[in-house]
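>>> Dropping a prediction and its sequence here:
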Amino acid sequence: MNKQYLLTGATSQLGRYIVSMLIENGDKVRVLVPQDEDRSCFDGVDVEIFEGEIFQKDSMKEFFTLESPREAILIHADERVSIAHNKDLLMRRTNVTGAVNVTDMCIRHRIGRMVFLSSAYALPSTSTGYVSGTKFHFDRNHVEGDYAQTKAEASAYVMEKVSLNKFDAVLVLPTFMIGPGFTTDSDIGKILDGYLHKEIAPVQGGHVFVDVRDVAAGVIAAAQKGETGAGYILTGEYRTTVEFFQDVNEVSSLENPSKVLPNWLLSKPASLFVDTYYRLIHKENPKDVYALFMTSPENHYESGDAAEVLDISHIDIKKSIEDTVNWAEHEAQEAQEA
């Protein structure tokens, strides 16, 4: 039986893959898009488009009005991701206020189930260094960084509603997403653009990457098979910066040096000089770009429980990096021709 899905964050890299997969499954899809947001990605796509802002509950009333709300599933994939060193004031508004509003509207309109896009980085470090399972406690005070803290706070709110309101919600917790379809101003877009133009070099550190297509499949599987109140870690493979850029070199035929840049150049004592220099030349501060790898999580994330319950597979990391680089080069070519 075809399901009715409601989706926020539909124009994002992840959102577009979710829409595509749901349409392919024959499901009905309704998306919430801000008034000033480009929705050309849905030209010729069989979706219902509603204008509204997650910051304003009243603007979402029509979006949430359904004949059979208890049979519907809402996927809240709208989020703001930033690893920049400076404060991002819009992040809390999007990741916390927006998530709270969407959750409240789901309860008010009796939506059957919500799948909430959390993050593996919303989980605190463990004594063993390994994070696994499906039952988690979220506390913004036990994680570091604006993004992780806002996702932890929002996740805690959703879980509170599961406990107190008997709200049917499932969480998915991906690590850092890569894969085709990203925008040039995204974190992975900035990293690849800087490296392909020989403006940045590897630093010490690394990250756990997961393909966006695997995350989209995991979100839909969680909607269909997930247990109420459970959180499913969606992860791939760990890569150091050197390993990551070596894979990029293989795909792009670059011979950029893999010499590791000393982290002290991006430390607080040097930050004043670095900030001033890049402000004067009006270029992207590499300190913000490097933050992805320098804030390498101490945890090792395991998705065994998610893989078993959700029955999902993983795209090979080298294939994922290849597709990511090819997309970056395609976007760069289109920008030059525009």
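Noted; the coordinates are in hand. Numbers count the residues shown, from 1 in each chain.

>>> For the rest of this, base every contact and every neighbour count on C-alpha atoms.
Noted.

>>> What ranges does the stretch 201-338 of the chain have for its strands?
Taking DSSP state E, counting those that start in this stretch as the criterion, the stretch 201-338 of the chain carries its strands at 206-211, 231-234, 237-240, 300-301.

>>> ditto for the stretch 51-200 of the chain
Counting by DSSP E, counting those that start in this stretch, the strands of the stretch 51-200 of the chain are 72-76, 113-117, 130-131, 169-174, 176-178.

>>> Next up, phi/psi of residue 20, please.
Dihedral angles of residue 20 (phi, psi; degrees, to the nearest 10) stand at phi -60, psi -40.

>>> again but with residue 167, I slipped
The phi/psi pair for residue 167 (degrees, to the nearest 10) is phi -80, psi 130.

>>> tell me what the longest helix along the chain is packed against?
Assignment by DSSP state H gives helix 317-337 as the longest helix of the chain. If contacts are counted by 3 or more CA pairs under 8 Å, 6 or more residues apart in numbering; DSSP states H and E, helix 317-337 sits against strand 176-178, helix 187-196, strand 206-211, helix 241-252.

>>> weakest of these in terms of mean pLDDT?
Ranked by mean pLDDT, these bottom out at helix 187-196, which scores a mean of 81.

>>> Flag every buried residue along it.
By 16 or more other CA atoms under 10 Å, the buried positions in helix 187-196 come out as 187, 188, 189, 190, 191, 192, 193, 194, 195, 196.

>>> In TSV: these, plus distance to residue 112.
Below are those laid out as TSV (distance: CA to CA, whole Å):
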residue	distance to residue 112
187	34
188	35
189	36
190	38
191	39
192	40
193	42
194	44
195	45
196	46
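
>>> returning to that earlier point: packed most tightly, which of the strands of the stretch 51-200 of the chain would that be?
strand 169-174 (a mean of 27; mean count of other CA atoms under 10 Å).

>>> all helices for this structure, in order.
Counting by DSSP H, the helices of the chain are 13-24, 61-64, 89-92, 99-108, 146-164, 187-196, 212-225, 241-252, 268-280, 286-294, 304-310, 317-337.

>>> Are there helices or strands packed against the fifth one, and which ones?
This means helix 146-164. With 3+ CA pairs under 8 Å, 6+ apart as the test, helix 146-164 has helix 89-92, helix 99-108, strand 169-174 packed against it.

>>> Tell me the helices and strands packed up against the first one.
Identification of packing neighbours for helix 89-92 by 3+ CA pairs under 8 Å, 6+ apart yields helix 146-164.

>>> relative to strand 113-117, how tilted is the helix it packs on?
Angle, helix 146-164 to strand 113-117, by axes from the mean of the first three to the mean of the last three CA atoms, to 10 degrees: 160 degrees.

>>> ok, and for helix 146-164, which residues are buried?
Buried, per 16+ other CA under 10 Å, within helix 146-164: 146-159, 161-162.

>>> most neighbours per residue, which of the strands of the stretch 201-338 of the chain?
Of all these, as judged by average neighbours under mean count of other CA under 10 Å, the leader is strand 231-234 with a mean of 30.

>>> What is it packed up against?
strand 169-174, helix 212-225, helix 304-310.

>>> Residue ranges in the stretch 101-250 of the chain under the pLDDT threshold?
The model of the stretch 101-250 of the chain has pLDDT under 70 over residues 199-204.

>>> how about 50 then?
Residue ranges of the stretch 101-250 of the chain with pLDDT under 50: none are present.

>>> returning to that earlier point: for the longest helix of the chain, give me every contacting residue.
178-181, 184, 189, 192-193, 209-211, 236-237, 247-248, 251-252 (CA atoms under 8 Å, 6 or more residues apart in numbering).

>>> returning to what we had before: of all the helices and strands packed on helix 317-337, which lies closest to residue 305?
Across these, the minimum distance to residue 305, taken as CA to CA, is reached by strand 206-211, at 15.9 Å.

>>> who does that closest one pair up with?
Looking at strand 206-211 with DSSP bridges, its partner strands are strand 176-178 (parallel), strand 237-240 (antiparallel).

>>> Done for today, thanks.
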